[in-house]
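Trainee: curious how this folds, go ahead:
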Amino acid sequence: MVGLPSEDSSDSTHRIDSDNNINNQRVYFVPFRWWKDAQDSTSSDAKRGILYTATPGTSYAGPMKLINNIFNSDLAFNLRKEDSLHSVENGEVGVSGRDYALVPGEMWLQALKWHSDAKVAAKGGKSFAAAEDDMADVYPLQLRLSIPRETNSLGVKISKKDNTVELFRRACKIFSVDSEQLRIWDFSGQTTLYFVNERNRFLKDCQRQSDQEILLELQVYGLSDSKKCREGKKDEMSGQHPANCSSGASVLINGCNGTANSNFICTDASTFCGRSGSLGLTGLQNLGNTCFMNSAIQCLAHTPKMVDYFLGDYSREVNHDNPLGMKGEIASAFGDLLRKLWAPGATPVAPRTFKSKLARFSPQFSGFNQHDSQELLAFLLDGLHEDLNRVKSKPYVEVKDGEGRQDEEVADEYWQNHLARNDSIIVDVCQGQFKSTLVCPECKKVSITFDPFMYLSLPLPSTTLRTMTVTVISTDGTSQPSPFTITVLKSGKFEDVIQALSVACSLGADETLLVAEIYSNRIIRYLEEPSDSLSLIRDDDRLVAYRLNKDINKAPLVLFMHQQMEEQYIHGKLTSSWKTFGIPLVARPSNVVNGSDIHGLYLKLLNPFQTQAEEVLDDRGTSQSTIVEDISEKEHASTPVSNGFEKPPDANGAVSLSEAELQFYVTDEKGIVKEAQIIMGEAVPSSGVSGRLHVLASWPEKYVKKYDTQLLSSLPQIFKSCFFAKGPQESVSLYKCLQAFLMEEPLGPEDMWYCPGCKEHRQASKKLDLWRLPEILVIHLKRFSFNRFLKNKLETYVDFPIGNLDLSNYIGYRNGELSNRYMLYAVSNHYGSMGGGHYTAFVHQGGGRWYEFDDSRVYPIGPEKIKTSAAYLLFYRRVVE
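Mentor: You can find the predicted model right below:
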């Protein structure tokens, strides 16, 4: 029983003042047969209760009964205490339909669970939360108790002032004492508080008076049609002060007037404003961008075994001394919050205490910024585990190598080692086991470990593949640069790029590709190692693939860089200087002897960039060698560059260098130092670099006009993110996401594995397998991606099963005793963009009924609306077969 304030409290009306927990005080009024069936089927000790027999009250006796009903609006009767205690095992009592029981909240939940399990078993395990329909059949009933001078009885009065018309009518039907005998069995032990020898516990300052009343509330269960009851309450909610809409919490007022301030009016008939009769359908107030927290909490608060655990006596398992825990404060705060959410008649709860504890132990969640519900869930599950860890002193466990033993034996050993240090309700319900296989790329050493997991973070297909744009350039001057866009695995290697690019550009059998990264108009590195990870290539890099002939692999490689004269003002004076531009051009000629060969080769490579067709050298009547000789003669007449960058101006400040023809210089890899000029007809100076000749071509002004320098300089990035463009809606199966998660992939350069065979760190390949599945499987869809410049959310629609997630084909170890099928019971959704948006939760309440929890608002939703592209966290429970 719970003491509550009345609408018209008076000095003679008192309330219970107790420091006990709210659920320990609440008493449920249930059919005795229902209670007895549950007790008879358990192995617990027999519960002994106090038997009361109902007799008519003085205000109801005599011929004035009808008049009293009309004018007094009271139902009154007495409860006479029998002399002896009676055991629930006594089969001779409690068989009448007029026998009832008073039981505390914890025992009521245990009985409710037993009946729920019995119904599930009767239906072959195909119904989730079979007792949810029954759980909704709970409503509060206000009673006024008085203590007559006869010390072995209690006076009970039920008034229309304290209850709605519908509830009062039902009370008259239940507590009618005119026909069959009414008996009530008290197994809560709280009625003894109302007798003379115990009265000082709550009436310390009051003298005993025969008219003194105590206002109490019973939670009536299993004695009415819940739907009709709720409709009766709904009709009267907006018309009067509804006592049944109170939160059900104890009001600590002792002999004083007081009125509950938790009243509310439902403005939307389809919204459950946390009113009584809807257990678990209680919202959470948004304290300021706390929807991420509310969504995750609602999903956990409807996790079957966790509800049973935290509504029971979990406090005895709180580990206050665990150095890895939070002194039990997170577990206690979460348990208190969950009990409030499951209190009958609860209004939306403000989770301020839980939020403050969260901010204290994890400062990242302090303040009122939006956060990731998955990050909160990970922290909360880990915190609850450590706070409730039954292991007080963790033993040292040495991991042993498999040494050729069977996987089953090694996995069990790992699991037992894990349980020796970790044993909590979270481990019991939420933790499974991976099989992790690492293979060294050098010595092929195989390492197998078995690691626990709390949830699965599944990548979406668009996060497992990578789109890359690479520009292919011919090395024979026959075609313009062509960008090709390919798709490869994000976890792939460089050889995957070469293979995809070869197919895209129709590479010949006698050709090969030389891939290089271009930066500041020069080659800064060559990508020649096939086993390199693609993570070494960034989205803003620019790559070029040069098509080379395989037959002349031993010939030296000639690399051309370009520069042109640019004018700029320095300290107010116009100054000309050489600036590099364009994409370096590469060729591998069979024979390069002198400067004339270099000139001819360069002009050949520039052919695709010409803007005037009449100036194409190959179309002229004269031979290319003749033209090159003419160019050489003109170049000899020109003035050389003095310092490799600037031309010496004449007395008038003008550039004296002839702008007639090209000039070539041997340079370094960066194209900065001009080592020697290449002269027509003379031998090419040595470059000093084995197998590669770097040449810097200085362009006169007429060549800048003759060739398309914009085309020569056009080089797209690997991948250019678009901030506003939105592509078509993607769709993928949850099974495809799981396959991508379990796919073998190489470790990144930052996650190198120390190989015990090589005695060195290696970029090993890693393969995960599901080995042991938990009872509650949480799946995290990785919708958020990050890089140095952009945070992005993937709106991919994931088609996930609701009634039958079958993981039989993905489990490595098949335990015939456990099912590999799961049923969805909760979803955490995220709507909007990265760094903002809004979180909600979908929760299954049994019988095909789903509800949406949108902070403080709770309303029903059709099953067809559960699957959306906003699904972020999926909560599954194992189906018992």
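
Trainee: make it CA atoms for all contacts and neighbour counts henceforth
Mentor: Fine.

Trainee: so how far is residue 680 from residue 329?
Mentor: From residue 329 across to residue 680, the span is 85 Å (CA to CA, to the nearest Å).

Trainee: which one's more surrounded, those two?
Mentor: More crowded of residue 329 and residue 680, by other CA atoms under 10 Å: residue 680, with 23 against 20.

Trainee: surely that one is in a strand?
Mentor: No. Assigned with DSSP: H, G, I helix; E, B strand; the rest coil, residue 680 falls outside any strand and is coil.

Trainee: surely it touches residue 596?
Mentor: Yes. The pair residue 680 and residue 596 qualifies as a contact (CA atoms under 8 Å) at a distance of 4.9 Å.

Trainee: any idea how far the residue nearest to residue 489 when sequence neighbours are not counted is from residue 517?
Mentor: Spatial nearest neighbour of residue 489, chain neighbours left out: residue 465 (4.4 Å); criterion: CA to CA, 6 or more residues apart in numbering. Going from residue 465 to residue 517 by CA to CA gives 21 Å.

Trainee: which one's more surrounded, these two?
Mentor: residue 517 (18 against 15).

Trainee: show the pLDDT at that one.
Mentor: Per-residue pLDDT puts residue 517 at 94.

Trainee: name the residues of the helix or strand hosting it that are buried.
Mentor: Residue 517 belongs to strand 511-519 when elements are defined using DSSP states H and E. Using 16 or more other CA atoms under 10 Å as the test for burial, strand 511-519 gives 512-518.

Trainee: can you check stretch 577-592 too?
Mentor: 578-589, 592.

Trainee: surely residue 533 is in contact with residue 492?
Mentor: Yes. With contact defined as CA under 8 Å, residue 533 and residue 492 form a contacting pair (6.3 Å).

Trainee: what touches both of those two?
Mentor: Residues touching both residue 533 and residue 492 (CA atoms under 8 Å, 6 or more residues apart in numbering): residue 746.

Trainee: list the contacts for residue 711?
Mentor: Applying CA under 8 Å, 6+ apart, the residues near residue 711 are residue 609.

Trainee: could you measure from it over to residue 519?
Mentor: 16 Å.

Trainee: for the longest helix seen in the chain, packing partners?
Mentor: Longest helix of the chain, by residue count under DSSP state H: helix 105-122. Here helix 105-122 touches helix 22-25, strand 27-31, helix 32-40, helix 304-311, going by 3 or more CA pairs under 8 Å, 6 or more residues apart in numbering; DSSP states H and E.

Trainee: relative to residue 538, which of the ones you listed is closest?
Mentor: Proximity to residue 538 (CA to CA) singles out helix 304-311 among the helices and strands packed on helix 105-122, at 44.6 Å.

Trainee: okay, buried residues for that closest one please.
Mentor: Result for helix 304-311 [16+ other CA under 10 Å]: buried residues 305-308, 310-311.

Trainee: quick one: work out the angle between that helix and helix 105-122.
Mentor: 160 degrees (axes from the mean of the first three to the mean of the last three CA atoms, to 10 degrees).

Trainee: need the CA coordinates for the helix or strand following helix 304-311. PDB is fine.
Mentor: For helix 304-311, the succeeding helix or strand toward the C-terminus, using DSSP H and E, is helix 329-341. Taking Å, rounded to 0.1, in the frame of the first residue of the first chain, the C-alpha atoms of helix 329-341 are listed here in PDB:
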ATOM      1  CA  GLU A 329      25.900   5.000  -8.300                       C
ATOM      2  CA  ILE A 330      25.200   4.500 -12.000                       C
ATOM      3  CA  ALA A 331      23.400   1.200 -11.300                       C
ATOM      4  CA  SER A 332      21.400   2.700  -8.400                       C
ATOM      5  CA  ALA A 333      20.400   5.700 -10.500                       C
ATOM      6  CA  PHE A 334      19.400   3.600 -13.400                       C
ATOM      7  CA  GLY A 335      17.500   1.200 -11.200                       C
ATOM      8  CA  ASP A 336      15.600   4.000  -9.600                       C
ATOM      9  CA  LEU A 337      14.800   5.500 -13.000                       C
ATOM     10  CA  LEU A 338      13.600   2.200 -14.400                       C
ATOM     11  CA  ARG A 339      11.300   1.600 -11.400                       C
ATOM     12  CA  LYS A 340       9.700   5.000 -11.900                       C
ATOM     13  CA  LEU A 341       9.100   4.200 -15.600                       C
END
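
Trainee: low-confidence stretches in the stretch 551-700 of the chain?
Mentor: 552-554, 612-660, 686-690 (pLDDT under 70).

Trainee: now do the strands in it.
Mentor: 557-570, 573-587, 663-667, 674-678, 692-699 (DSSP state E, counting those that start in this stretch).
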